[in-house]
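Asks: with the sequence up front, the predicted model follows.
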Amino acid sequence: MTLGDREIPEFEESTGKRSRVISKVLAPAVRLWLRSQVEQVEELQIEITAGDRQILSGYIQQIALSAKNAIYQGLALNQIQLTGQNIRVNAGQIVRGKPLRLLEPIRIEGSVLLEEADLNTSLKAPLLKAGVTEFLQTLLRSGTAGIGGDRDLNLQNLTIQLRSQQVVLGATLVSDSGNETPIAIRTGFDLAAPNLLKLVNPQWLPHATAKRGLPLSDLDGYTFNLGDETEIHALAIDPEKVTCQGKLIVLPA
């Protein structure tokens, strides 16, 4: 089997024996399904652990994958390493040439690496743009910055800068009259629980490159719920990159 001009080795069962069911039937179906979930992906590698009888009954013991430069729902991910176990699929339809379909939710665990440039590219996508905008509006409405009220704030030119264990979010606040005011907030993040992100020492900055800021003391420790389907076990924020390890539940379409 090939990916572009590059040969992909046949997949092996957990017993070490070559499996034609995996290499000729299941692997292409898995690869096609994965590609249908992303807008772009490079260097996609898949390792399937299962026996032929398991596969034909619709059970896959484990799928491990790695990829680079993937775009998922507008989010640019520089590197991905994921593993899913105990997967139920529509095996009977796959052997007849039908697309792979998940029959049950699966728990995925692994790690992703995002570079600062990836995050700023992702800000153009609705998912991250909406999340960052809502986050900034929540902080601005806290009153510390002198901006109150419940109305939506017009934030443009969103940017993300990464520091050691800190994130700097910048934007331009556009008033109803069209006046533009640069704003920036710097904060650290920690895990209050696997699905709760906590703000650490958030500060209001006069501009994104300022060294000193005004502490947003009332928001120190403020948490954001990531949802019951997401768990983060380790989060490292370094200059120009973020590394995240955790688990995610993938639901059948």
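Replies: Arrived safely, thanks for sending.

Asks: so which other helices or strands are in contact with the longest helix that the chain contains?
Replies: If you go by DSSP state H, the chain has its longest helix at helix 126-140. For helix 126-140, the contact count by 3 or more CB pairs under 8 Å, 6 or more residues apart in numbering; DSSP states H and E identifies strand 154-163, strand 166-174, strand 180-193 as packing neighbours. In short, each C-beta sits where N, CA and C put it, glycine included.

Asks: what is the neighbour count of R212?
Replies: Neighbour count of R212, defined by other CB atoms under 10 Å: 8.

Asks: that older thread, tell me the most buried of the helices and strands packed on helix 126-140?
Replies: strand 166-174 (a mean of 19; mean count of other CB atoms under 10 Å).

Asks: which residues are contacting that strand?
Replies: If you take CB atoms under 8 Å, 6 or more residues apart in numbering as the criterion, strand 166-174 is touched by 132-133, 135-136, 140, 147, 153-162, 180-189, 205, 207-208, 237.

Asks: returning to what we had before: out of the helices and strands packed on helix 126-140, which is closest to I55?
Replies: strand 180-193 (37.0 Å; CB to CB).

Asks: who does the closest one pair with, and is each partner parallel or antiparallel?
Replies: When pairing is defined by DSSP bridges, strand 180-193 lines up against strand 166-174 (antiparallel), strand 196-205 (antiparallel).

Asks: could you dump those into CSV and include distance to D228 and mean pLDDT?
Replies: As requested, the strands paired with strand 180-193 are arranged in CSV below (distance: least, CB to CB, whole Å; pLDDT from 0 to 100):
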stretch, distance to D228, mean pLDDT
strand 166-174, 24, 92
strand 196-205, 11, 93
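
Asks: chain center to the longest helix of the chain, what's the gap?
Replies: Computed by CA atoms, centre = their mean, to the nearest Å, the chain-centroid distance of helix 126-140 equals 16 Å.

Asks: list the buried residues of it.
Replies: Neighbour counts using 16 or more other CB atoms under 10 Å place 128, 132-133, 136-137, 139-140 of helix 126-140 among the buried residues.

Asks: show me the shaky parts of this structure.
Replies: The model of the chain has pLDDT under 70 over residues 1-18, 142-151.

Asks: mind doing that once more with 50?
Replies: 1-17 (pLDDT under 50).

Asks: so which of the helices and strands packed on helix 126-140 comes closest to D52?
Replies: Nearest of the helices and strands packed on helix 126-140 (CB to CB): strand 180-193, 41.4 Å.

Asks: now what about the closest one, what contacts it?
Replies: Strand 180-193 is contacted by residues 136, 139-140, 145, 155-156, 163, 165-175, 197-208, 210, 213, 216, 221, 223, 232-233, 235, 237 when judged by CB under 8 Å, 6+ apart.

Asks: repeat that for stretch 37-44.
Replies: Stretch 37-44 has contacts (CB under 8 Å, 6+ apart) with 3, 31, 34-35, 65-72, 74.

Asks: please redo it, this time with the cut-off set to 7 Å
Replies: By CB atoms under 7 Å, 6 or more residues apart in numbering, the residues outside stretch 37-44 that reach it are 31, 34-35, 65, 67-72.

Asks: contact partners for A125?
Replies: Counted by CB under 7 Å, 6+ apart, A125 has contacts 73-75.

Asks: and the protein, what are its domains?
Replies: The chain breaks down into these domains under automatic domain parsing: 2-104, 118-250.

Asks: so for L248, what's the nearest residue that isn't a sequence neighbour?
Replies: With CB to CB, 6 or more residues apart in numbering as the criterion, L248 has its nearest non-adjacent residue at 4.9 Å, and that residue is I108.

Asks: chain center to the helix or strand harbouring that neighbour: distance?
Replies: Using DSSP states H and E, I108 sits in strand 106-115. For strand 106-115, the gap between its own C-alpha mean and the chain's C-alpha mean amounts to 7 Å (CA atoms, centre = their mean).
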